[in-house]
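# For reference, the sequence and a predicted model appear below.
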Amino acid sequence: MKKVLIVVYYWPPSGGAGVQRWLRFVKNLRAFGWEPTIYTAKDADYPVFDEKLFDEIPEGVETWRHKVPEPNKLISKLFFWQKGKDSLIYKNQQQVGNDNSFVKKSLWWLRGNFFIPDARFLWVNPSFRFLKKKIKKGDFDVVVSTGPPHSLHLIGSKISKEFDIPWVADFRDPWVNMDYLKAIKLTKYATAKHQELEKHVVTTASKVVVVGKTMRDEFKTNYDVDSSIIHNGYNTTIELSDSTILDDKFSIVHVGSFLPKRNCSDLWKVLSVLVAKDDLFAQKLEIKLIGNVSPDILNSLVEYKLDKYLNKIDYIEYEKTLIHLQKAQVLLLPIDRIDNPEFVITGKIFEYLNAKRPILVIGPTQGDAAHLVEDCQAGYCSDFDDLEKIEQIVLDIYQLFLKNKNTINSVNVSNYSGYELTRKLAGLFDSLT
């Protein structure tokens with residue numbers, strides 16, 4: 001059996017979306033002739049923890065852990081922030097660009113301009129020294145680095161060069177075009193450094209893997225590199241029930257982190273109008289938000305007088321979220337309102353597809369997420385702020401709900417199973433060896 005070393009930061013006990021992609025691949029790699037070994041962080045400051053995910057790791061998979069310096073921990077202590085939803089890592093996406101505190105803005109500026117490419121850059125050289133002691137030439141056939149954090153690609157690059165191993169650089173999110181980098185207000189030097197490092201990774205990796213068409217097109221345009229699209233996919237080791245009873249409310253369900261830039265005020269406005277003029281709609285409506293929800297979102301619901309319809313459920317174990325997905329009348333997928341929203345293709349979209357419930361995408365109708373939903377005939381898409389379209393979609397689904405006919409006959413969903421996507425990944429590995 002061939003062997004692959006996977007360099008990954010988000011790994012159990014980490015919870016949240018970042019851990020799921022490679023956990024799925026690792027579950028299935030042996031079926032295609034590849035034995036994985038994991039290199040990951042020790043005592044990492046993860047945004048959320050899910051100890052139960054340890055049970056998802058196949059028996060016998062070797063995991064190497066090395067202490068990771070966490071500058072965020074120190075900064076968090078300065079502001080008395082705790083682990084979990086109040087940590088700086090979580091606030092990285094929650095508050096950057098939204099906090100008017102001079103001290104906090106200054107810290108963000110320092111972090112963005114001196115911690116390049118990210119706060120894990122201090123882990124690169126210690127990791128290389130650690131792995132040099134662990135690895136002998138010929139131990140591995142391929143090394144993989146997955147980011148963000150994109151500093152892990154620098155580890156992959158060093159290992160590839162030192163041991164002459166083909167290297168796969170996996171991009172779960174953009175790098176230079178990541179929206180929060182713009183909010184940090186990088187200096188010209190920092191901007192150039194990010195671009196230099198991204199170019200190095202994309203042009204020197206044996207193969208580049210991305211999660212969507214827009215990122216693939218960008219790397220082709222910028223670096224003339226043909227990357228491979230391997231989507232995040234959904235979990236095939238957890239069987240979903242065929243007899244789930246749907247919510248008796250007209251439930252609009254969102255699972256996962258609901259961050260400020262995903263706030264869909266256009267939908268809230270539509271719903272506020274509908275509940276005001278239709279008593280039955282008001283009686284039936286439920287807005288179910290599961291996971292970390294930004295105060296901005298909660299305040300927006302209050303502003304539109306929708307808080308009385310809110311069912312907020314804090315972070316729960318992954319398997320339990322799947323039950324809520326299957327019961328939902330509508331699965332809400334708001335795309336981040338950023339300069340390049342076409343890139344956004346969140347991991348939850350594949351769990352949504354697998355749940356086979358109607359998906360409502362609010363975002364660019366020419367974006368990666370909308371194309372996926374349309375290709376699978378799995379729901380409805382509306383551009384940002386198209387109130388007329390959003391209202392029509394909501395009413396169409398609501399009428400089906402009243403008639404007990406709110407179903408969706410999606411197609412090609414199995415193409416995005418973890419098993420099938422691992423088959424594609426293993427084929428890529430094989431091509432390098």
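Cool, got the structure.
# lowest-confidence helix or strand of the chain?
Between all helices and strands in the chain, the lowest mean by mean pLDDT, DSSP states H and E belongs to helix 88-95, at a mean of 40.
# ok, then the element right after that one?
On the C-terminal side of helix 88-95, the closest following helix or strand by DSSP states H and E is helix 102-114.
# Which strands and helices lie in contact with that following helix?
In terms of contact count using 3 or more Cβ pairs under 8 Å, 6 or more residues apart in numbering; DSSP states H and E, helix 102-114 is assigned the packing partners helix 71-78, helix 179-184, helix 188-204. C-beta coordinates here come from the backbone N, C-alpha and C atoms, glycine included.
# Out of those helices, which is the most enclosed?
Most buried of those, by mean neighbour count (mean count of other Cβ atoms under 10 Å): helix 179-184, with a mean of 18.
# which residues touch the spatially closest residue to residue 245 that is not a sequence neighbour?
Take residue 245 and drop its neighbours on the chain: the residue closest to it by Cβ to Cβ, 6 or more residues apart in numbering is residue 327, 7.0 Å away. Under the criterion of Cβ atoms under 8 Å, 6 or more residues apart in numbering, the contact list for residue 327 reads 244, 245, 246, 247, 251, 253.
# Out of the residues you listed, which end up buried?
244, 247, 251, 253 (16 or more other Cβ atoms under 10 Å).
# and the nearest residue to residue 264 once chain neighbours are set aside, bridged to which residues?
Setting aside the residues directly before and after it, residue 264 is nearest to residue 334 in space (Cβ to Cβ, 6+ apart), at 4.4 Å. Using DSSP bridges, the bridge partners assigned to residue 334 are residue 362.
# show me the contacts for residue 334.
254, 258, 262, 263, 264, 267, 362, 363.
# if we can go back for a sec, between the helices and strands packed on helix 102-114, which gets nearest to residue 58?
Residue 58 lies closest to helix 188-204 among the helices and strands packed on helix 102-114, at 28.7 Å (Cβ to Cβ).
# Next SSE downstream of the closest one?
The helix or strand immediately downstream of helix 188-204 is strand 207-210, counting by DSSP H and E.
# Buried residues, that following strand. List them.
Burial within strand 207-210, assessed by neighbour count using 16+ other Cβ under 10 Å, is assigned to 207, 208, 209, 210.
# which strands and helices sit next to that strand?
Where contact means 3+ Cβ pairs under 8 Å, 6+ apart, strand 207-210 is packed against strand 167-171, helix 213-223, strand 228-229, helix 418-432.
# Pick the most buried one from the ones you listed.
strand 167-171 (a mean of 25).
# quick one: the strands in the stretch 1-150 of the chain?
Per DSSP state E, counting those that start in this stretch, the stretch 1-150 of the chain has strands spanning 2-7, 34-42, 62-67, 142-147. These are given in chain order.
# and the last one, which strands flank it?
Using DSSP bridges, the neighbouring strands of strand 142-147 in the sheet come out as strand 2-7 (parallel), strand 167-171 (parallel).
# quick check: mean pLDDT across the longest one?
Throughout strand 2-7, pLDDT has a mean value of 98.
# what about dumping the CA coordinates of it to PDB?
As requested, the backbone C-alpha atoms of strand 2-7 are provided in PDB (Å, rounded to 0.1, in the frame of the first residue of the first chain):
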ATOM      1  CA  LYS A   2       1.300   3.500  -0.900                       C
ATOM      2  CA  LYS A   3       1.800   6.000   1.900                       C
ATOM      3  CA  VAL A   4       0.700   9.700   2.100                       C
ATOM      4  CA  LEU A   5       1.700  12.200   4.700                       C
ATOM      5  CA  ILE A   6      -1.000  14.700   5.400                       C
ATOM      6  CA  VAL A   7      -0.100  18.100   7.000                       C
END
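# Which of the residues in it are classified as buried?
Burial within strand 2-7, assessed by neighbour count using 16+ other Cβ under 10 Å, is assigned to 3, 4, 5, 6, 7.
# Quick check: beta-bridge partners of the first one?
Read it as residue 3. On the basis of DSSP bridges, residue 3 takes part in beta bridges with residue 35.
# just to revisit the earlier point, so which of the buried residues of strand 2-7 is the closest to residue 430?
residue 4 (10.9 Å).
# Give the full set of residues in contact with the nearest residue to that closest one once chain neighbours are set aside.
Leaving aside its sequence neighbours, residue 4 sits nearest to residue 142 (Cβ to Cβ, 6+ apart; 4.6 Å). Taking Cβ under 8 Å, 6+ apart as the definition of contact, the neighbours of residue 142 are 2, 3, 4, 5, 165, 166, 167, 168, 429, 432, 433.
# and the buried residues of strand 2-7 as TSV, adding distance to residue 198?
Output for the buried residues of strand 2-7, formatted as TSV (distance: Cβ to Cβ, whole Å):
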residue	distance to residue 198
3	28
4	23
5	22
6	21
7	17
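# Between these, which sits nearest residue 148?
Taking Cβ to Cβ as the measure, residue 148 lies nearest residue 7 of the buried residues of strand 2-7, at 12.7 Å.
# quick one: contacts for the nearest residue to that closest one once chain neighbours are set aside?
In space, not counting the residues next to it along the chain, residue 7 is nearest to residue 145; the distance is 4.5 Å by Cβ to Cβ, 6+ apart. Listed by Cβ under 8 Å, 6+ apart, the contact partners of residue 145 are 7, 152, 153, 154, 155, 156, 157, 167, 168, 169, 170.
# quick revisit: find the pair from the buried residues of strand 207-210 with maximum spatial separation.
In those, two members sit farther apart than any others by Cβ to Cβ. They are 207 and 210, at 10.7 Å.
# Overlap of the contact sets of those two?
Jointly contacting residue 207 and residue 210 under the rule Cβ under 8 Å, 6+ apart are 227, 228.
# returning to what we had before: from residue 384, how far off is the residue nearest to residue 264?
When distance is defined by Cβ to Cβ, to the nearest Å, residue 334 is 9 Å away from residue 384.
# Need the residues touching each of those two.
Going by Cβ under 8 Å, 6+ apart, residues that sit against residue 334 and also against residue 384 are 362, 363.
# what about residue 110, how many residues close to it?
Applying other Cβ atoms under 10 Å, we find 13 other residues in the vicinity of residue 110.
# just residue 310 next, same as before
Other residues within reach of residue 310, judged by other Cβ under 10 Å, total 16.
# out of everything not next to it in sequence, what's closest to it?
residue 287 (5.1 Å).
# Give me the phi and psi for the one you found.
Dihedral pair for residue 287: phi -110, psi 110, per degrees, to the nearest 10.
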